[in-house]
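Trainee: Got a predicted structure plus its sequence, pasted below:
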Amino acid sequence: MARHLWKILAVLLLAYVLIGGLFVPLKTGITGVDKLNIVSDTTTTLNIDIYNPDKVFKPEKAVLGGKYGFVATRLS
């Protein structure tokens with residue numbers, strides 16, 4: 001029995017990790033944006049799809065990547 005104890009513990013640990021992973025909710029994330037290209041010197045409205053926001057989630061700013069990076073501060 002002592003020879004197989006580590007195998008039993010490994011199976012229990014694996015089951016614990018798998019079951020625990022199913023019950024931990026994913027964090028908030030962006031799943032989609034309706035426009036892929038934004039032209040400079042124009043006002044653009046984006047619709048952003050957000051996954052799993054909590055009840056108090058309110059975006060304050062969006063940082064758009066690129067060579068120089070841009071920050072959008074007027075969000076509604």
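Mentor: Now that the structure is in, tell me what you want to look at.
Trainee: Within the helices and strands, which one has residue 8?
Mentor: helix 5-23 (DSSP states H and E).
Trainee: Can you report how many residues neighbour residue 29?
Mentor: When neighbours are counted by other C-beta atoms under 10 Å, residue 29 registers 10. Glycine gets a C-beta too; all of them are placed from N, C-alpha and C.
Trainee: ugh, typo on my part, it should be residue 38
Mentor: There are 13 residues near residue 38, going by other C-beta under 10 Å.
Trainee: For it, which non-adjacent residue is closest in space?
Mentor: Closest residue to residue 38 apart from its sequence neighbours, by C-beta to C-beta, 6 or more residues apart in numbering: residue 44 at 5.1 Å.
Trainee: quick one: the one you found from residue 33, how far?
Mentor: Computed as C-beta to C-beta, to the nearest Å, the residue 44 to residue 33 distance reads 11 Å.
Trainee: Look at the residue nearest to residue 38 and tell me its secondary structure.
Mentor: coil (DSSP: H, G, I helix; E, B strand; the rest coil).
Trainee: ok, it to residue 18 distance?
Mentor: In this view, residue 44 and residue 18 are 43 Å apart by C-beta to C-beta.
Trainee: need the contact list for residue 50.
Mentor: Neighbouring residues of residue 50 by C-beta atoms under 8 Å, 6 or more residues apart in numbering: 28, 29, 30, 31, 57.
Trainee: if I look at it, how far off is residue 28?
Mentor: In terms of C-beta to C-beta, residue 50 sits 6 Å off from residue 28.
Trainee: Touching both of these two, which residues are there?
Mentor: Residues touching both residue 50 and residue 28 (C-beta under 8 Å, 6+ apart) are residue 57.
Trainee: So for the residue with the shortest distance to the centre of the chain, what's the nearest residue that isn't a sequence neighbour?
Mentor: For the chain, the residue nearest the mean C-alpha position is residue 29 (3.0 Å; C-alpha atoms, centre = their mean). Leaving aside its sequence neighbours, residue 29 sits nearest to residue 51 (C-beta to C-beta, 6+ apart; 5.0 Å).
Trainee: how many neighbours does the one you found have?
Mentor: 11.
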